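Dropping the sequence and predicted coords here.
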Amino acid sequence: MAISIPLPDSEELTAWRQDFHQHPETAFEEHRTSARIAALLDEWGFEVTTGIAGTGVVAALDGQQGEGKTIGLRADIDALDIREETGLAYASQTPGKMHACGHDGHTTMLLGAAWALKQQPDFKGRVVFIFQPAEENAGGGRVMVEEGLFERFPMDAVYGLHNWPGLPVGVAAVHDTDVMAAFDIFSLTLTGKGCHAAMPHLGIDTVLASCQLISQLQGLVSRETPPDKSAVLSFTSINAGDTFNVIPEQVALRGTLRCFDMALKEHLEARFKQAIASLADFHGLTVELDYQRCYPATINTPEHAQHCATVLEGLLGQDNVLRNPPPSMASEDFSFLLAERPGAYIWMGNGEDSASLHNPHYDFNDALLPLGTRYWVELVRALLV
């Protein structure tokens, strides 16, 4: 693969990234981030569209070689509600918020590709650069789709990427199909009858019932999920009681259910609700359940995954492109874009010694910036010919 288009200087890419890192903004509040992205694109001569999903930014670039297909390249721009503990000189200046998932790097790499392709648009068709807000929990990808992203910017395919701790820089992973799991959340309140801890027969014990429920529901994974499929049910919050000698009247629980197979997810959701109803009936409890279907599974189109793998092999070498490693049970709202258009979502290594994603000690590896930028550029040049 010929590599001729110059990229922004690595020091400039690093400066952009560390500036985003110092000023993290969470879902639909990425006002400074959005303004900075738009200002750079405008400075380089792009016609910039803002306001899709509130803080989303979109810009398109037509190639000089005539008409052709249109592809979308997407980066997420939001941060997380985590207190940073890296001690870096460019650490977050916003208390309680940090870029703990590398979206500052994703944003920078896509900006770098936009700059490079603007200097030398030697391709056919059109590239749409999508800077998406609110990937973390709030479904900014869904909102962009609902607000007409694909109607305003028709695309034939869409592509995304994520940095991946544990993989060395210079190594990438490409899945033909399943990449990231579907993600549902639930909030459950069990109400019984409070009483003195010495007289449990006078009450209805919500703590006992919640412990039984948590243990019982794991059977949905161990006994109702086929061995060749994956599912994870996690209770992540239990709140009840304030003192030693009172059995509380209420217990509040929260958690998540994740899997890849949508028919299995429907089954597990139905059985989850049945189990709660049965337990409540047995103990004489009342139940309030808020079950929300958040993100669908992120599933690549095999043909488009192969396109990405071919480009990465030319960039990194065939031995440095992992094909079909185990998918992640984490979730990603790029799935909403892939539900509308074919495409692929790949992983690029952030370093074997990188802190994990969503960790207060995490930092995006700046050595990845030119590689990710080059990947976007070469993907465009490979597909739009």
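Sure, I can see it. Numbering: from 1, shown residues only.

hey, where'd the helices end up in the stretch 201-350 of the chain?
Secondary structure of the stretch 201-350 of the chain (DSSP state H, counting those that start in this stretch): helices located at 206-217, 219-222, 262-283, 302-316, 335-338.

Tell me which of the ones you listed approaches Y90 most closely.
Of all the helices of the stretch 201-350 of the chain, helix 302-316 sits nearest to Y90, with 27.4 Å by C-beta to C-beta. (Glycine included, C-beta is placed from N, CA and C.)

Which residues does that closest one contact?
With contact meaning C-beta atoms under 8 Å, 6 or more residues apart in numbering, helix 302-316 is reached by 1, 157, 159, 170-172, 174-177, 320-321, 323, 342-344, 346, 371, 374-375, 378-379, 382-383.

do the same with stretch 236-249
Contacts to stretch 236-249, defined as C-beta under 8 Å, 6+ apart, come from residues 191-198, 200, 203, 205-207, 210, 214, 250-256.

repeat that with 7 Å
191-197, 200, 203, 205-207, 210, 250-256 (C-beta atoms under 7 Å, 6 or more residues apart in numbering).

Please enumerate the strands of the stretch 1-150 of the chain.
48-52, 56-62, 70-76, 126-132 (DSSP state E, counting those that start in this stretch).

Pull out the buried residues from the second one.
So that's strand 56-62. 56-61 (16 or more other C-beta atoms under 10 Å).

can I see the domain layout of the protein?
10-180+297-383, 182-295 (automatic domain parsing).

how far does the first one sit from the chain's center?
The one in question is domain 10-180+297-383. Mean-position distance between domain 10-180+297-383 and its chain equals 10 Å (C-alpha atoms, centre = their mean, to the nearest Å).

and what of the last one?
Centroid displacement of domain 182-295 relative to its chain, using C-alpha atoms, centre = their mean, is 26 Å.

Between the two ends of it, how far is it?
Taking C-alpha to C-alpha, to the nearest Å, domain 182-295 runs 5 Å from one end to the other.

and if you look at stretch 242-250?
11 Å.

average model confidence for that stretch?
For stretch 242-250, mean pLDDT is 97.

ok, now stretch 282-298?
Rounded mean pLDDT across stretch 282-298 is 97.

Quick check: buried residues in it?
For stretch 282-298, burial by neighbour count (16+ other C-beta under 10 Å) applies to 283, 285, 294-298.

same deal with stretch 299-316?
Neighbour-count burial for stretch 299-316 [16+ other C-beta under 10 Å]: 299-301, 304-305, 307-316.

With R323 as the reference, measure out to H307.
In this structure, H307 lies at 13 Å from R323, with C-beta to C-beta, to the nearest Å as the measure.

Same question for G148.
G148 is 35 Å from R323, where distance means C-beta to C-beta.

higher neighbour count, these two?
Neighbour totals were compared for G148 and R323, and R323 leads with 14 against 10 (other C-beta atoms under 10 Å).

Make sure that one is actually in contact with V171.
No - in this structure, R323 is not within contact of V171 by C-beta atoms under 7 Å, at 11.9 Å.

In the chain, where is pLDDT below threshold?
Scanning the chain for pLDDT under 70 picks out the ranges 1-3.

Geometrically speaking, which residue is the centre of it?
Using C-alpha atoms, centre = their mean, the residue of the chain that lies closest to the mean C-alpha position is E332, 3.1 Å off.

Which residue, other than its chain neighbours, is closest to that residue?
M180 (4.3 Å; C-beta to C-beta, 6 or more residues apart in numbering).

and if you look at P248?
Closest to P248 by C-beta to C-beta, 6+ apart is G241, at 3.9 Å.

could you dump the buried residues of strand 56-62 to JSON lines with distance to R126?
JSON lines is the format used below for those (distance: C-beta to C-beta, whole Å):
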{"residue": "G56", "distance to R126": "18"}
{"residue": "V57", "distance to R126": "17"}
{"residue": "V58", "distance to R126": "12"}
{"residue": "A59", "distance to R126": "11"}
{"residue": "A60", "distance to R126": "6"}
{"residue": "L61", "distance to R126": "7"}
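
Just the closest of the residues you listed to D78, please.
Nearest to D78 out of those is G56 (C-beta to C-beta; 10.6 Å).

Now for that closest one: which residues touch it?
Contacts for G56 (C-beta under 7 Å, 6+ apart) come out as 131-133, 140, 144.

mind redoing it with 6 Å?
Neighbour list for G56: 132-133, 144 [criterion: C-beta atoms under 6 Å, 6 or more residues apart in numbering].

And L13, how far from M109?
Between L13 and M109 the computed distance is 8 Å (C-beta to C-beta).

which residues do those two both contact?
Taking C-beta under 6 Å, 6+ apart as the criterion, L13 and M109 both touch L369.
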